[in-house]
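Engineer: predicted structure and sequence below. I'll ask about it afterward.
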Amino acid sequence: MRADLHKSLIYLDREYIADRFEVATGQSPDTTITKNQGKKAGAAIPVFSAEVSAQETRSFKVSTLGMLAHTWHALAVEPELDSTKFAPKMISKYGWFSGELTVYQAKSSVHRSGGTNEVLAESEHFQIRQSSTSSLSLITTPEYFLSGLGTLVKLQKTVLKDMSIPVRAFVRVMAAQDHMKQWIAVPLVILERESNG
């Protein structure tokens, strides 16, 4: 089971899996809380300031892959998501979503006099495309991709001609859409799957 998971794993949110493992097993990790001050030493801190923050570091005696393997049975039976039931102001939906993992670029531009377009902002994103009317725009963390796969999003401007990886993803879909009417989702686990043809 662990070997099969590792072979198909594309993305793993380590924080989420650690939380799920802790809840499932009741095993509490060794925890260290540290305070960080954002301003330079000696600088005055305003009264209403969030410059001081606390950071939690947890240490488990089992690897993240081991945590995933331990919680896999419960995770695997989570429901499949039906995007036709997504709606504004809904509570977050957790579940599996199958489709093609692709990359796309979003640009914001303004038309200037003289017939030119000025690009104000641009960004690259991953998406899971299920059909022409159903896709998720993903909020990803580069470090959670396995084997450097997160760099694929940056390659679309240069060497990447096409990308369409069949995947099955466990995601959290929120009541938010981008300008292309795609629902915004946070991937928690992304697995490569056999293509349906």
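Structural biologist: Looks like it arrived, so ask away. Numbering: from 1, shown residues only.
Engineer: for Tyr104, name its beta-bridge partners.
Structural biologist: With DSSP bridges as the criterion, Tyr104 is bridged to His125.
Engineer: let me redo that: His111
Structural biologist: Applying DSSP bridges, one finds that His111 bridges with Asn117.
Engineer: quick one: the strands in this structure?
Structural biologist: All strands of the chain, identified by DSSP state E, fall at 9-12, 30-37, 52-59, 93-111, 117-131, 134-138, 165-177, 183-192.
Engineer: correct me, but Trp130 touches Gly99?
Structural biologist: No, residue 130 isn't Trp; it's Gln. Yes. Counting by CB atoms under 8 Å, Gln130 touches Gly99, with 3.8 Å between them. Where you see a C-beta, it was placed from the backbone N, CA and C, and this is true even at glycine.
Engineer: where does this structure have low pLDDT?
Structural biologist: Scanning the chain with the threshold set as pLDDT under 70 gives 1-3, 29-54, 58, 60, 106-109, 119-123, 148-162, 196-197.
Engineer: out of the strands of the chain, nearest to Ala69?
Structural biologist: Smallest distance to Ala69 across the strands of the chain (CB to CB): 10.8 Å, for strand 9-12.
Engineer: kindly format the C-alpha coordinates of that closest one as PDB.
Structural biologist: Below are the C-alpha coordinates for strand 9-12, written out as PDB (Å, rounded to 0.1, in the frame of the first residue of the first chain):
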ATOM      1  CA  LEU A   9       1.600  10.600  -5.300                       C
ATOM      2  CA  ILE A  10       2.000  14.000  -7.000                       C
ATOM      3  CA  TYR A  11       1.100  16.400  -4.100                       C
ATOM      4  CA  LEU A  12       0.700  16.000  -0.400                       C
END
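Engineer: which strands and helices lie in contact with it?
Structural biologist: helix 64-76, strand 165-177, strand 183-192 (3 or more CB pairs under 8 Å, 6 or more residues apart in numbering; DSSP states H and E).
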